[in-house]
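> Below is the sequence, then the predicted model.
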Amino acid sequence: MRYVVLVSHGTFAPGLHSVLKMLGGGDREDVLSASMEDGMGADAFVERFGQTIAGIKDTDEIILLADIIGGSPLTNALDVLSQKGLLEKTMAFGGMNLPMALTAAMMKDAMDLESLKVSLIQESQNAIQKMQLDAGDGEEAEI
């Protein structure tokens, strides 16, 4: 099985996971999340992450999405995956956003990993734009 695993500081990963459930048709066993909440130490996060991925086997693949490259959730998750011998089956990304996570969850089984990688980066980058607002001639703004 190919898993999408979300990790973050605070409640970003579980919140994004909740949105994926809403948009993707409910709870799925192939989308998992773990977060390093305020005041939580690295050891507690490592334990939480280990429990989150306990069902992943060495024949599975992982798409790991994290909030920040180099952040504690990502680096600790990678350490756990390495210790479990799953690092070579993992494709990791930082800077996750909803379009990236939604694409990963919905397209992970429809594409080869290289095509999926390109698509995830492209979807994530395309989602970041400055919105042009036109207030018109003093009337209510159209968005």
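Nice, I can see it. Quick caveat, the model's predicted, so the values are computed rather than measured. Numbers count the residues shown, from 1 in each chain.
> which strands and helices sit next to the longest strand seen in the chain?
Ranked by number of residues, the top strand in the chain under DSSP state E is strand 2-9. Under the contact definition 3 or more CB pairs under 8 Å, 6 or more residues apart in numbering; DSSP states H and E, strand 2-9 sits against helix 12-24, strand 31-36, strand 61-66, helix 72-83, helix 98-107. Using the backbone N, CA and C atoms, a C-beta is placed for each residue, glycine as well.
> Now distance to residue 48 too, for these, in TSV please.
Below are the helices and strands packed on strand 2-9 laid out as TSV (distance: least, CB to CB, whole Å):
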stretch	distance to residue 48
helix 12-24	11
strand 31-36	5
strand 61-66	14
helix 72-83	10
helix 98-107	19
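> Redo these as TSV? Include mean neighbour count.
Formatted as TSV, the helices and strands packed on strand 2-9 follow (neighbours: other CB atoms under 10 Å):
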stretch	mean neighbour count
helix 12-24	17
strand 31-36	23
strand 61-66	23
helix 72-83	18
helix 98-107	20
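> Out of the ones you listed, the one nearest residue 123 is which?
helix 98-107 (4.4 Å; CB to CB).
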